[in-house]
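Participant: Turn this into a structure:
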Amino acid sequence: MRESIENARYLFKARQTCLWIYTIEEEEVIRDIRDLVSQEIPNAKLYVWSNTEGVKHIPFRKSEAPEPVDIKLREVPALFASIRDRLTKDDTCVVYVLRDFHNLLGDPRTRRCVRDIAEYAQKKYIPLIVISPVTEIHSEIAHLFKTVDYGLPTEQQLAEITHAYNTKLAEKINKEGRSDLICLGSKEEEQEVVNACKGLTIKEVKDLFAQSLQKYKSFNLAYLLQHKIEMVKKSGLLDWKQPQISLNDIGGHSDLKNYLLEIKEQLTPEARNFGLPAPKGALFLGLAGCGKTMTAEAFAGTLGVPMLSLSMSRIMSRFVGESENKIDQALSIVRSVGNCVLLLDEVEKMLGGNC
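Facilitator: I've put the predicted structure just below:
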């Protein structure tokens, strides 16, 4: 269970009615919610809804028989009428997980339904959990929701998945005598795969492992990296560059290079354990052609990570709020990539040209 869901535990204890969980990992978050509800509200019933499938019961135990899927409740008014009817006749606490609900909030009737349930919850606890890939909530009901960012898998989760796949691969090699398959031979090699998977969802990791084993008969790091490159290119906001130089290839700029090398030391686990603060980056000022971009690329090469470039000319828009949305989208992609150097090119355009 991820830390974000652990934080949601306190919202359950505080009887928060409406939760908005930001994620693209529906199956993972539903599994975590099932475990959380079974622990915090043991006598509750958990249902998952979408406007294509209707309402589906999620049992807490394998021995528990699931209820039939109710496709008659695909429409929002029917769903909320069913919730009110159930709660007036049944003392059992009911938890509903709503999928793709953000697409329906443009309808005033949908917003009214949410407000009605929130008001009824003053008498009885009725948790409504929205799973959504967007964070924008309609202003009429935004005050009713507490938002939770589900986040990405932790390094420990990625390590467990990598180890499990590698163990199965080793067992297959020993059992079937497959000389064409190559498993990871050490903890260091497993850690390299884990580092390459940072920023990916669990489903993406499992899919890439399966594809890599089918195509290359091994955990191919280049193949895993290519997936991240494609993800960045699809956004149209960022450029990806795999550095071919290091700070040793830069002439002069001795003070700047020494500063960047100090930043490199601050990024090590030893520095974290010692209590040194995390570096916040650097601002390069200079005329065109003096080596600002090249130095950023060289620093990425020294760290052994890719460089992502975000040009402000791609961000700026004449429409109100569009520039901010593009920045949020770009930074979300950067976080999903994991370890990298982010170059904010022409940053003075964002600051009104006053630099």
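Participant: how distant is the host helix or strand of R272 from the center of its chain?
Facilitator: Assigned by DSSP states H and E, R272 belongs to helix 269-274. Offset of helix 269-274 from its chain centre (C-alpha atoms, centre = their mean, to the nearest Å): 26 Å.
Participant: just stretch 231-243 next, same as before
Facilitator: A distance of 18 Å separates the centroid of the chain from that of stretch 231-243, by C-alpha atoms, centre = their mean.
Participant: Would you mind listing the buried residues in that stretch?
Facilitator: For stretch 231-243, burial by neighbour count (16 or more other C-beta atoms under 10 Å) applies to M231, V232, L237, L238, W240, K241, P243. In short, each C-beta sits where N, CA and C put it, glycine included.
Participant: Now do the end-to-end distance for that stretch.
Facilitator: One end of stretch 231-243 to the other measures 18 Å (C-alpha to C-alpha, to the nearest Å).
Participant: Now do the contacts for P277.
Facilitator: The contact partners of P277, taken as C-beta atoms under 8 Å, 6 or more residues apart in numbering, are Q266.
Participant: Looks to me like it is in a helix.
Facilitator: No. With DSSP: H, G, I helix; E, B strand; the rest coil as the criterion, P277 is located in coil rather than a helix.
Participant: And the pLDDT at F145?
Facilitator: pLDDT for F145: 93.
Participant: Please report phi then psi for it.
Facilitator: Phi and psi for F145, reported as degrees, to the nearest 10, are phi -100, psi 140.
Participant: got it, and the one 3 residues further on?
Facilitator: The main-chain torsion angles of V148 are listed as degrees, to the nearest 10 and equal phi -130, psi 120.
Participant: Over to M307?
Facilitator: Taking degrees, to the nearest 10 as the convention, M307 sits at phi -110, psi 130.
Participant: per-residue pLDDT, it?
Facilitator: Per-residue confidence (pLDDT) for M307: 90.
Participant: and the very next helix or strand once past the helix holding R272, average pLDDT?
Facilitator: Downstream of helix 269-274, the next assigned helix or strand under DSSP H and E is helix 292-303. The predicted model assigns helix 292-303 a mean pLDDT of 90.
Participant: Send me helix 292-303 as CSV with only the CA atoms.
Facilitator: In CSV, the C-alpha atoms belonging to helix 292-303 read as follows (Å, rounded to 0.1, in the frame of the first residue of the first chain):
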residue,chain,number,x,y,z
LYS,A,292,25.0,27.5,-21.0
THR,A,293,23.1,24.7,-22.7
MET,A,294,26.3,22.7,-23.3
THR,A,295,27.3,22.9,-19.7
ALA,A,296,23.8,21.6,-18.6
GLU,A,297,24.3,18.7,-21.0
ALA,A,298,27.8,18.1,-19.7
PHE,A,299,26.5,18.0,-16.1
ALA,A,300,23.9,15.5,-17.1
GLY,A,301,26.6,13.4,-18.7
THR,A,302,28.7,13.7,-15.5
LEU,A,303,25.7,12.4,-13.5
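Participant: contacts for that helix?
Facilitator: 241, 243-250, 253, 256-257, 260-261, 264, 267, 284, 286, 306-307, 309, 339-341, 343, 345.
Participant: now do stretch 207-217
Facilitator: Outside stretch 207-217, the residues within contact range by C-beta under 8 Å, 6+ apart are 161-162, 165, 169, 180-182, 197, 200, 218-220, 223-224, 227.
Participant: Buried ones from the contacts of helix 292-303, can you make that a PyMOL selection?
Facilitator: This is the PyMOL syntax for the buried subset of those, where burial follows 16+ other C-beta under 10 Å:
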select buried, resi 241+243+247+250+253+256+257+260+306+307+309+340+341+343
